[in-house]
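S.K.: below are the sequence and a predicted model for it; my questions follow.
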Amino acid sequence: MWRTLDRGLARGIAVICLSVAVIGVSYGATAVTSGFPLWVPVATAVVVFAGSSEFLFVGIIAAGGSPVAAVLAGLLVNARHVTYGLALPDVIEPGWRRLAGSHLMNDESVVLALSQSDPARRRAAYWISGIGLLLCWPAGALAGALAGGALRDPGALGLDAMFPAAILALILPAFRVRRPRRAAVAGAAIALAAAPFLPAGLPELLALGGLVLTVRRRAAA
Amino acid sequence: MTGLAGLVPAVAALAAGTFAIRLAGPLLRARIQFSPQVVALLETAAVVVLAALVAITGLTSGHDFAGVARPAGVVTGGVLAARGAPFFVVVLAAAACTALVRWLHIS
């Protein structure tokens, strides 16, 4: 699997893992300084392994919300993974590997896989980045939880711009084709219009309405 | 805040539910044979969701606009990526630009 990686892809995976580790540090620090015991950010990083839902989960409980509300909000944020699983045919194999491969499914591993056209490289990008992230995200959370408040503000270093910029760079190749580009731009516009009014996670799902543009064009053709 | 007795089941429920969500796609794909058109549509759907995620995480903060700094970094990264800059340059430039704008207190 390692041999199918070229240097550009390997470096891309390394950069993503590193930036995720740094965001993990801020997650661990945020959780501990909001009053959670150390095991919460570390355990959630391993068993939930979906950053934005973990931030939300910890944030809602820290603000005095009920655990049920926190779980439901987290699951809503993670609902987008259904579309990821439907889009990745050959990457996740049957049997026990399907269970392991499903757990490795996240924004970064999926977008890295989709950025490769060759099936073997797709699989390599998905599994290697997925395993790397499963190590880096909890490691970052542990470091942040140990460091506590000292490393709490990721804003000063501009770290909050890394995630959207990385995903954007990786979906740009798909934009060279007209239909996905129209659907993606329309979907992003729908999500932005919905964001002020809807709970986190729903705008990304409503964005699927942008797909209507591709279907209609196909029916007309 | 919720005590340990409420926290453990909540973490377990979030983990189990998230895993079920992740497993749903591969299980459906294994059971149903989709036409090539539908397969292409499903892949486009993932790209659409990712694009929406870029817009939401790049431009908003909670239910509000994120301010100037973060969008400036994301746009800088996007322009560099479109011009063929290496991936690590894109990501680091985005962070650097956002940090610079914040440091200058433009937001």
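M.R.: Sure, I can see it. Numbers count the residues shown, from 1 in each chain, chains lettered A, B, ... in the order given.
S.K.: so the closest residue to chain A within chain B versus A:Val110, what's the distance?
M.R.: Using Cβ to the nearest Cβ, the point where chain B gets nearest to chain A is B:Gly25, with a distance of 1.6 Å. Yep, even glycine has a C-beta here, placed from its N, CA and C like the rest. B:Gly25 is 10 Å from A:Val110, where distance means Cβ to Cβ, to the nearest Å.
S.K.: again with A:Gly85
M.R.: The value you get for A:Gly85 to A:Val110, if Cβ to Cβ is used, is 9 Å.
S.K.: okay, these two: which has more neighbours?
M.R.: The neighbour comparison of A:Gly85 against A:Val110 (other Cβ atoms under 10 Å in any protein chain shown) goes to A:Val110, with 29 against 25.
S.K.: secondary structure element holding the closest residue to chain B within chain A?
M.R.: When scored by Cβ to the nearest Cβ, chain A has A:Gly85 as its residue closest to chain B, at 1.6 Å. Taking DSSP states H and E as the criterion, the element that holds A:Gly85 is helix A:81-87.
S.K.: show me how far the helix ranked longest in chain B is from its chain's centre.
M.R.: Assignment by DSSP state H gives helix B:4-31 as the longest helix of chain B. Helix B:4-31 sits 19 Å away from the centroid of its parent chain (Cα atoms, centre = their mean, to the nearest Å).
S.K.: got the buried residues for that helix?
M.R.: For helix B:4-31, the neighbour count (16 or more other Cβ atoms under 10 Å in any protein chain shown) marks B:7, B:10-11, B:13-15, B:17-19, B:21-26, B:29 as buried.
S.K.: quick one: the helices in chain B, in order.
M.R.: B:4-31, B:36-59, B:69-82, B:87-103.
S.K.: list the helices and strands the second one packs on?
M.R.: Identification of packing neighbours for helix B:36-59 by 3 or more Cβ pairs under 8 Å, 6 or more residues apart in numbering or on different chains; DSSP states H and E yields helix A:81-87, helix A:107-114, helix A:162-171, helix A:178-194, helix A:202-206, helix A:212-220, helix B:69-82.
S.K.: can you rerun that using 7 Å?
M.R.: Contact analysis of helix B:36-59 by 3 or more Cβ pairs under 7 Å, 6 or more residues apart in numbering or on different chains; DSSP states H and E lists helix A:81-87, helix A:107-114, helix A:162-171, helix A:178-194, helix A:202-206, helix B:69-82 as its packing neighbours.
S.K.: ok, residues contacting it?
M.R.: The contact list for helix B:36-59, computed with Cβ atoms under 7 Å, 6 or more residues apart in numbering or on different chains, reads A:80, A:83-84, A:86-87, A:89, A:107, A:110-111, A:114, A:163-164, A:167-168, A:171, A:174, A:179-180, A:183-184, A:187-188, A:191-192, A:195, A:203-204, A:207-208, A:210-211, A:214, B:65-66, B:70-71, B:74.
S.K.: quick one: buried residues of it?
M.R.: Those would be B:40-59, for helix B:36-59 by 16+ other Cβ under 10 Å.
S.K.: now it, how far from the centre of its chain.
M.R.: 11 Å.
S.K.: can you dump the C-alpha atoms of that helix in CSV for me?
M.R.: Coordinates of the C-alpha atoms in helix B:36-59 are reproduced here as CSV (Å, rounded to 0.1, in the frame of the first residue of the first chain):
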residue,chain,number,x,y,z
PRO,B,36,-23.1,4.2,-13.4
GLN,B,37,-25.1,7.4,-13.5
VAL,B,38,-26.2,7.0,-9.9
VAL,B,39,-22.6,6.1,-8.8
ALA,B,40,-21.4,9.4,-10.5
LEU,B,41,-24.2,11.3,-8.8
LEU,B,42,-23.3,9.8,-5.3
GLU,B,43,-19.7,11.0,-5.9
THR,B,44,-20.9,14.4,-6.8
ALA,B,45,-23.0,14.4,-3.7
ALA,B,46,-20.0,13.9,-1.5
VAL,B,47,-18.2,16.8,-3.3
VAL,B,48,-21.2,19.0,-2.8
VAL,B,49,-21.3,18.3,0.9
LEU,B,50,-17.5,18.9,1.2
ALA,B,51,-18.0,22.2,-0.7
ALA,B,52,-20.7,23.2,1.7
LEU,B,53,-18.5,22.3,4.6
VAL,B,54,-15.7,24.6,3.2
ALA,B,55,-18.3,27.4,3.0
ILE,B,56,-19.6,26.8,6.5
THR,B,57,-16.3,26.3,8.3
GLY,B,58,-14.5,29.0,6.2
LEU,B,59,-17.1,31.8,6.4
